[in-house]
Structures are given as structure tokens and as C-alpha cells.
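**Student:** how does the following fold in three dimensions:
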Amino acid sequence: MTVFERLRSCLPCDGFAWCGEGLQAAVLVALTDESEPRVILGRRARHLRLHPGEVAFPGGKREPEDASPWATAIREAGEEIGLDSSLVKPLGELAPLVTRSEFEVHPCVAKVPAVFDMVVDPVELESVFMTPLAVFADKRSYRLEKMSDERGSQMVPHYQINGDNVWGITATVLVQLVNLVMDAGLPINRSFTLNKIKTGK
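**Tutor:** From the prediction side, this is the model:
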């Protein structure tokens, strides 16, 4: 069974409409259509108010015209990296998570072409790179680190990849994916994977 077949069989793909109020966002967890998929990640521009300079998936906040988290994720990926909506093939959805900035983030996992005309928006992203998903299954680059703020302490997932510290929600999503499709067996704080994550993006 391929990575894509396993994701389709394990993840729900309901395409539900946005509901509720408050700060809501969606990210596109884009995996390239290859035998060894790569995941598209970007470094957020350093002038941004929220999470400047952090490594994250393409994505952003819900807009009034967005019918669903998928609509938000695909629109944002188009704006940030020039990914045409016709190239996005949904695979499934992970449970929403909450950032330290109080955004409820919906991860939408999809297959995209290995090559497309990428156009990076410098207002949103400083750089974009594709990293093999298998890299995130390597226990040597992974750790759980205790982090604290005014709300308390949690063990937060971190990856050290090519000098980059990938952490918080981005790392949590990657851990869930490699544990699911590669049986990586990486430890994770179970409370951190629920809808109450309060540290990191």
C-alpha cells in the first residue's frame, strides 16, 4: 500500500463546511506525487505579526467567502506558492489543532504534482522548500521539549532539520503523518494532538 493509499484509507475526507466562530484557519499539507513523497513547507516572512520566521505549511485564516477549510487551504496555497486549485487532490483531514495565538487550525492533506509553476509571495513567505516526508520519521532529528507560558507547560514536538527548528503544530502534523504511514513510532504528547494545543504553530 502506497503512502497515498494508506492516507485515503485512514483519514476522513468529509469536506465539511466552516461552522462556529472565533479565529479559524486551514493549512494545506501538500505531498508530492512521487514514490517517496516530499512535503511542501515554507518559512514565514519575518515581518509578519504572528509566527514570524517559523516553518509552516501553506495556509492562513478563514475568509468570509471560504465555504470550508479545504477552500481556505487551497486558496491560501494559491496565493502563497502559486499552486493552482486543479492540481490539488484531497487525501484526508486531520483533527483541528489550536495555536498559541488562539487560531483553530484545520490540516488538509493532499497530493500535488512533483513539479508545478511555483510562485512564492514574499509578503507571506521568505522561502519555500520540499523535504522528503521520510526525513520526519528519523528519530535522531526529533524530540519532545518542555515549553511553558502563562497557561502552563507542555511537551511540544520539535524537529531539527538542516538547521531548521520545525515545531509546534507543524511538527505535530508531521509526526502524525509519519507514524500513520511509515510506522515511525515517534513519541508524542497525546494531549497535544487534541483540540487544545496552546503552544506553537
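**Student:** from here on, just use CA atoms for contacts and neighbour counts.
**Tutor:** Fine.
**Student:** where does the chain have low pLDDT?
**Tutor:** For the chain, the stretches flagged by pLDDT under 70 are 150-151, 190-201.
**Student:** tell me where it has helices.
**Tutor:** Secondary structure of the chain by DSSP state H: the helices cover 3-10, 69-81, 168-181.
**Student:** show me where the protein has strands.
**Tutor:** For the chain, applying DSSP state E gives strands covering 24-32, 38-44, 55-56, 59-61, 89-93, 97-98, 104-112, 125-132, 142-149, 152-161, 164-167.
**Student:** check which helices and strands the second one is in contact with.
**Tutor:** What that stands for is strand 38-44. strand 24-32, strand 55-56, strand 125-132 (3 or more C-alpha pairs under 8 Å, 6 or more residues apart in numbering; DSSP states H and E).
**Student:** got a markdown table for the ones you listed, with distance to Cys13 too?
**Tutor:** Conversion of these to a markdown table gives the following (distance: least, C-alpha to C-alpha, whole Å):
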| stretch | distance to Cys13 |
| --- | --- |
| strand 24-32 | 13 |
| strand 55-56 | 22 |
| strand 125-132 | 23 |
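**Student:** before we move on, back to that, reformat the helices of the chain as CSV; add mean neighbour count and distance to Val55.
**Tutor:** Shown next, in CSV, are the helices of the chain (neighbours: other C-alpha atoms under 10 Å; distance: least, C-alpha to C-alpha, whole Å):
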stretch, mean neighbour count, distance to Val55
helix 3-10, 16, 23
helix 69-81, 24, 14
helix 168-181, 22, 8
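**Student:** nearest to Gly92 among the ones you listed would be which one?
**Tutor:** Among those, the nearest to Gly92 by C-alpha to C-alpha is helix 3-10 (6.1 Å).
**Student:** so the closest one versus helix 168-181, what angle?
**Tutor:** 90 degrees (axes from the mean of the first three to the mean of the last three C-alpha atoms, to 10 degrees).
**Student:** which other helices and strands contact helix 3-10?
**Tutor:** By 3+ C-alpha pairs under 8 Å, 6+ apart, helix 3-10 packs against strand 89-93, helix 168-181.
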